[in-house]
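> sequence isn't available, so here's the structure alone:
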């Protein structure tokens, strides 16, 4: 399901809130303004210092991506590429030119455009791999703020708590306020650890996973494009690309044939 | 023994439960509902956020795999592949065609099918290595939820405990409940650290180890298939593949010959 | 924005200071001379021991670099290199000789100089990659002091605090000074964690990120120079180099053409 | 000295026991049955879960290996290989056949056997590198239980201590037993940290170091075998192999000549 | 400056000692015999277990190396190698033979000896790279004891402290000694953390940095030797090698020419 990250976030928050309430805690005490200033703003500051405004500005769109990602459909792409391989074998590589306009995925389109233009195969591989490499670097830079925030937040929580304890200990004149003051000091720790482990780190892990899936998807596409250019037998193309599909998702041969048909006819 | 992970899990639990009981603790106190909500549901939520529902759904089958894995029999596979090498040398590669139906392992079958089809050796290696690479990625993705849970669980335990302490410290009016309250707060820590170190992390380590064994098994198979295609002398095939078998498990030459015989005759 | 690191640093400090003040703490208590001696001088000493005076001397210029970095303009470089590719195609590689004086970036100039001199392409790639490799090592050595300081500072803080506690505990004769003394001991921890997480580690992360951007920039430049030497079609050069530009920053074809025009005319 | 690990273990234990006794502690208190159950059996269980019975069964022989390792004699191997190179140059590769029976090291024997059989040089390198690779994987799997135990033991200690504290805090009715009870609870921590840092982790480090030495030894042997097969000048073989010997251990030329003589005469 | 590590060590110690004295602590209390036995001897034992006596015996010479390293002079080596390149171009490679005796650096001498002997370029690269690789492994093994000690020392400190606390808590009969006893227990922690962070870890970092500098120096030398053998134009050799010199240290062309002159004349 696409919204798994959002649902996971809700499950985590509800589980902790419910458990804490059952213990008798007032969960809303976490929303302590001074703790939030130290932990959230401190983490934000440290994260900006270590990355850049551009990275910070991209955060909302990354949240959206994590909460509602495009799921790559490996089987559909295999069918599509095998279809092009068949057409190229039948009518020549140039025949793919008319298909180009109808290809949604810019990566596939760019690759086939290069193939149709008669570019050298090594050069096609170079250009497409440079695209993948650049995407990998971009994705890795994009998860940085979440990973860094996941590292800074707990320490900011400890800074908040130690500040609180220092304050409490230097004013021992009113022993009756000792407990509540120490209690308040620990709110910062709570906020720091919770935000890191419920939000920042899981989102970073999710983005990393999505990036790997997309790179796997592109690696398969690249393999297919190069096979089409090499004039491989469509059955070999199918064999090669199926290796990228997890066994559990692989279509039976009949299903694959059925899926391929409309494509071929349309071509 | 196949069930080592299950037995290890039982040994670990029994050891800790017995030791704690000897100290005078009531082990069942760990099954505190609020602590379980915070630690188990919190960990589940963070793990779902960071991976996906698919990964979570695969967990029961992964537990089963860890508790009762298929142990790859390296010697049997060597004998099998050397048998094919002998037949291919004697009767040509095409003679392997009739054997294909009887091969249980889909990886070996796919490889030999490609060889029988007269596929180019580089292409055979490419397709089979792509399979291995995809399997490696799949396995690595499959251990993620366990590794992530092993990382989140102790922190969820600390969150639960700090929540408890914050609650205790802000209500110091009843000092006689102080001890038991703090005691209850530490149950969450106990649950978090225990679940991570007895279940999540060891299972992740076990799955990783099983994955490495399977990859090693496949690497040996791939080496054998390529040697068969290259028409290598069966003795050289034997020599090459034996390098993959740990010395302690290597058959003596006589045993190897005996093991190979029925195969050859059947062929 | 260029000054993001400085602004991040200020946001972090203000957030923590404000939050701590709201809790009632006196933020300036952090500026405790004995804590500063232990944490700041101790960290400095450990960092000098582990690196060298040269690395320490470079710190001010690295702060300046982190706070006001040169932002590489990928599109401008693409346009520039495509312009050289066009001229080289039209008038031959030697025609680039007159342009060399006007090239600001020493890396591009060195590369094109080698090309104009008729150096072997492999040698051009070797020399330029050696430059990149040496730069990568230099940058990695330059971030070391910040990373090391980020690791030593919290431990120096703990050393300071434990020293304080040891002192307090061995003189329990005056219980009324116990609180303030323990409080003072924790200032060292506060100083150690804060300096590491607000200054040292984020600056190290920022420098690492800037280094990666510069290496990416140079990789693109190298690709372009080699393509120019190989006499690639300017459109292919454009295609190759665009792969290095993040999609969000890519110029539309018209904009690219417009940007390229003055260059071409000037040429 | 071969027994350095055993002596190191004894030094570590004696140092800690002596220091603790000087402080007034009763060192034998560490041998608390409940703490041992939790820490040692808990660690054993988690380690079995994460590896396998085979790995656990190999532990005694690994202890023996760490405590009394075979020290590879690089100079002797160089002299031996240079001797074969001389003979091969003088009398041809087949002349090595009679030497094969007298070679103790199975790796060298397997390699020279392949050379004498006239196997293709690439194939010799492949087979021998597969052996090394498999050995590297075996060694890495063999150190796993020690590394894992070194990771689990301290946490098991903390589990034991928290169990103890939970028990103590929930029974505050007898304040006079409070100190001794908390004291007993900390025994588990002591046992966990000590076993990890005095036994498990150092032994794992030692095994890893021995593995690297053996791989280095084999890499040198492989280089020598390939040089013999290539018919290299014995002086070049000597030069190549000496690069693998640490300068401090290198023989002077006279010593090398003297060492080589008996060999040559025997040949 | 060469003595930076020693000066850093002194700065660190003085900073901490001064700061602690200002707090009122008696710094010399750290030299507690029982704490020293546990921490220093325990760390020594664990380090010997995990490495070997040879590694331990090398420690004094490594301290000397860290405190007074040979600083590689990149520019001088460039000038030297360019000089050989010029002579080789003018008078042939054999003319270098008479220079060999005067070369101080054994690595350069070995390389040029191989070149003069007419060894195959690939073989020269192989032998010299094997030297570098072996040196890298030796250096990495040499820093092991310091890194390991830096890891064990803080845990030994905790072991000492927990031993002390266990002792204190099990003897609560004399409450007036409670403070000083706990205070004494923490000395072990102090000693463990301080020794790791002021001595072991910084020295390990320094040795690693020196190793990288030496490897960089050798990589440059190797590049130069291969260029001389290939008969490269001295200007190209200069260009290639300058890439290894940090821009800040690069000589202007005049200075380079001036530096090269005496060499050429001598040649």
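Perfect, thanks for sending it. Please read all numbers here as calculations on a predicted model, not as lab measurements.

> for residue A:24, give its distance to residue B:192.
For residue A:24, the distance to residue B:192 equals 20 Å [CB to CB, to the nearest Å]. Every residue, glycine included, has its C-beta placed from N, CA and C.

> neighbour count winner among those two?
residue B:192 (26 against 14; other CB atoms under 10 Å in any protein chain shown).

> verify the stated contact: the more buried one with residue B:158.
Yes. The pair residue B:192 and residue B:158 qualifies as a contact (CB atoms under 8 Å) at a distance of 6.9 Å.

> ok, residue A:34 - contacts?
Under the criterion of CB atoms under 8 Å, 6 or more residues apart in numbering or on different chains, the neighbours of residue A:34 are A:160, A:188, C:19, C:20, C:22, C:23.

> not counting sequence-adjacent ones, nearest residue to it?
Nearest residue to residue A:34 in three dimensions, chain neighbours excluded: residue C:22, at 3.8 Å (CB to CB, 6 or more residues apart in numbering or on different chains).

> ok, and what's touching the helix or strand where that neighbour lies?
For residue C:22, the host element (DSSP states H and E) is helix C:4-23. Where contact means CB under 8 Å, 6+ apart, the residues beyond helix C:4-23 that reach it are A:33-42, A:44-53, A:156, A:159-160, A:163-164, A:167, A:184-185, A:188, C:1, C:27, C:66-68, C:194, C:198-199, C:202-203, C:206.

> if we can go back for a sec, ok, of the contacts of residue A:34, which one's closest to chain D?
Proximity of the contacts of residue A:34 to chain D (CB to the nearest CB) peaks at residue A:188, which lies at 23.1 Å.

> hmm, the closest one is touching residue A:160, no?
Yes. Between residue A:188 and residue A:160 there is a contact at 2.6 Å, judged by CB under 8 Å.

> spit out the residues that contact these two alike.
With contacts taken as CB under 8 Å, 6+ apart, residue A:188 and residue A:160 have A:34, A:35, A:38, A:39, C:19 as neighbours in common.

> and for the second one, the neighbour number?
Same thing as residue A:35. By other CB under 10 Å, 29 other residues sit near residue A:35.

> average pLDDT for the helix or strand residue A:113 falls within?
When elements are assigned from DSSP H and E, residue A:113 belongs to helix A:106-116. What helix A:106-116 shows for mean pLDDT is 91.

> now the element after it, going C-ward?
Following the chain from helix A:106-116 toward its C-terminal end, the next helix or strand by DSSP H and E is helix A:121-169.

> how far does the next helix or strand after that next one sit from the chain's center?
The first helix or strand that comes after helix A:121-169 along the chain, using DSSP H and E, is helix A:178-194. Here the centre of mass of C-alpha atoms in helix A:178-194, compared against the chain's by CA atoms, centre = their mean, to the nearest Å, lies 32 Å away.

> and after helix A:178-194, which helix or strand comes next?
The first helix or strand that comes after helix A:178-194 along the chain, using DSSP H and E, is helix A:201-229.

> buried ones in that next one?
Along helix A:201-229, the positions that meet the burial threshold by neighbour count (16 or more other CB atoms under 10 Å in any protein chain shown) are A:201-211, A:213-229.

> ditto for stretch A:59-68
By neighbour count with 16+ other CB under 10 Å, stretch A:59-68 contains the buried residues A:59, A:62, A:63, A:65, A:66, A:67.

> same question, stretch A:109-125
A:110, A:111, A:112, A:113, A:114, A:115, A:116, A:119, A:123, A:124, A:125.

> go ahead and flag the most central residue of chain A.
residue A:207 (2.2 Å; CA atoms, centre = their mean).

> next, work out how far apart the nearest residue to that residue once chain neighbours are set aside and chain D are.
Closest residue to residue A:207 in three dimensions, ignoring its sequence neighbours and counting by CB to CB, 6+ apart: residue A:143, at 4.6 Å. Shown here: residue A:143 relative to chain D, a distance of 26 Å by CB to the nearest CB, to the nearest Å.

> test my guess that residue A:143 contacts residue A:204.
Yes. Judged on CB under 8 Å, residue A:143 makes contact with residue A:204 at a distance of 4.9 Å.

> ok, back up a step: next secondary structure element downstream of the helix holding residue C:22?
Counting by DSSP H and E, the element after helix C:4-23 in chain order, helix or strand, is helix C:33-36.

> mind checking what helix or strand follows that following helix in sequence?
Scanning forward in sequence from helix C:33-36 by DSSP H and E, the next helix or strand is helix C:42-50.

> tell me the contacts of the residue nearest to residue A:139 when sequence neighbours are not counted?
For residue A:139, ignoring the flanking residues on the chain, the nearest one in space by CB to CB, 6+ apart is residue A:211 at 3.8 Å. Residues in contact with residue A:211 (CB under 8 Å, 6+ apart) are A:135, A:136, A:139, A:140, A:143.

> kindly report the same for residue A:194.
Neighbour list for residue A:194: A:16, A:30, B:159 [criterion: CB under 8 Å, 6+ apart].
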